[in-house]
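>>> the sequence isn't on hand, but the structure is:
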């Protein structure tokens, strides 16, 4: 469910939410972000209180399960799912609810884009693992880009399962379904989430991934129930897709993204990613996409960056200001005392999820 905010200004602080969800151990040495710094034992701890009315049961998938590991009960019916649901007020605690969600590896075919994508991740909340699951909101979450990076980084470095299980525990098993596709390709390159000589990453994310989701999962179909998010290069992709495709993605979470898609310089980006087409490069920048699709009366955006990130950090308030000026309902937060690494990303993703759940009807609004 959307909760309207006045555009053009930063809205409510998420400090209390972050303190409730995450404890960031800033004493851990924070290094420049890379896969090598993705220490799964480092310092974001997510805590939650399970709903007392529910008697915990072992985490089991209901039978039968499809060959892809997805419960057959989760497969959608022939009719289209609801646009939105107010599950915060209609979902009742259940005695058959698993105590945790389930992380699966999935293959999302590039039917239309022909983009070369590696297997992705799918996290199903406990509410999706019961025999008659409700249609749930969905988050498409993207990893950052570095040598060897890919969807797995959001689990090993970002602690996706830990964070989402905590969200579900705080809301009687409710949480968005999370899909982590591979927007980078087999060489962990940077196709910049556009269609071009480096691969049709944009079409993969805007068409192939949503088509797979709606054909395999019980999800709500309205834009307000769909979120695009990501860290670093994935955060840049999030603002590109959230700005460029508001009819699909009504919410976005940009964690330490850049001003726009880049391969290091405009010249290199234009030559390698846009076949020398400077106009196409300019049109793919978030500022241009926001200007082309404004006003955004129903889009909500959460922008965050690390306090000590001198490279990516300065982009956050600039992009957030452009989004607010275009009409998006914008919230910003700076992760204190950390640099551009997975320590910051874990806290930011947890905060982003806390910001999101009331907007998608899984918790009472702020």
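All right, it came through fine. Since the model is a prediction, treat every value here as computed from it, not as a measurement.

>>> averaged pLDDT, the longest helix along the chain. What do you get?
Counting residues, the longest helix in the chain under DSSP state H turns out to be helix 342-356. Mean per-residue pLDDT for helix 342-356: 97.

>>> likewise stretch 270-281?
97.

>>> which residues outside that stretch are in contact with it?
Applying CB atoms under 8 Å, 6 or more residues apart in numbering, the contact partners of stretch 270-281 are 191, 192, 194, 196, 197, 198, 261, 263, 266, 269, 284. All C-beta atoms are positioned from the backbone trio N, CA, C, and that covers glycine.

>>> skipping its backbone neighbours, what lies nearest the last one in space?
Computed as CB to CB, 6 or more residues apart in numbering, the closest residue to residue 284 that is not its neighbour in sequence is residue 194, at 5.1 Å.

>>> cool, and the second one?
For residue 192, the nearest residue in space outside its immediate sequence neighbours is residue 261; the separation is 3.5 Å by CB to CB, 6+ apart.

>>> ok, the residue nearest to residue 284 - how many residues close by?
22 (other CB atoms under 10 Å).

>>> go on, residue 77?
Neighbours of residue 77 using other CB under 10 Å come to 8.

>>> equivalent analysis for residue 103, please.
For residue 103, using other CB under 10 Å, the count is 17.

>>> could you look up the SS state of it?
Here residue 103 is recorded as strand under DSSP: H, G, I helix; E, B strand; the rest coil.

>>> so it makes contact with residue 121?
Yes - with contact defined as CB atoms under 8 Å, residue 103 counts as touching residue 121 (6.3 Å).

>>> now do the shared contacts for those two.
155, 160.

>>> okay, helices next: where are they in the stretch 251-366 of the chain?
According to DSSP state H, counting those that start in this stretch, the stretch 251-366 of the chain carries its helices in the segments 266-273, 278-283, 286-293, 315-325, 342-356.

>>> buried deepest among those, which one?
helix 342-356 (a mean of 28; mean count of other CB atoms under 10 Å).

>>> quick one: that one to chain centroid distance?
Distance of helix 342-356 from the chain centroid (CA atoms, centre = their mean, to the nearest Å) equals 10 Å.

>>> same check on stretch 263-283?
Worked out by CA atoms, centre = their mean, stretch 263-283 lies 26 Å from the chain centre.

>>> now do the end-to-end distance for it.
16 Å (CA to CA, to the nearest Å).

>>> in this structure, where is pLDDT below threshold?
Applying pLDDT under 70 to the chain flags residues 1-63, 366.

>>> hmm, what's the outermost residue in it?
residue 276 (31.1 Å; CA atoms, centre = their mean).

>>> what are the ranges of the strands in the stretch 51-200 of the chain?
Ranges of strands in the stretch 51-200 of the chain, per DSSP state E, counting those that start in this stretch, are 102-106, 120-124, 138-142, 177-180, 195-196, 199-200.

>>> and those as a markdown table, adding distance to residue 244?
Shown next, in a markdown table, are the strands of the stretch 51-200 of the chain (distance: least, CB to CB, whole Å):
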| stretch | distance to residue 244 |
| --- | --- |
| strand 102-106 | 25 |
| strand 120-124 | 21 |
| strand 138-142 | 14 |
| strand 177-180 | 19 |
| strand 195-196 | 12 |
| strand 199-200 | 14 |
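
>>> winner for burial among the ones you listed?
strand 138-142 (a mean of 28).

>>> one step back: nearest to residue 234, out of the helices of the stretch 251-366 of the chain?
Proximity to residue 234, assessed across these by CB to CB, is greatest for helix 342-356 (9.5 Å).
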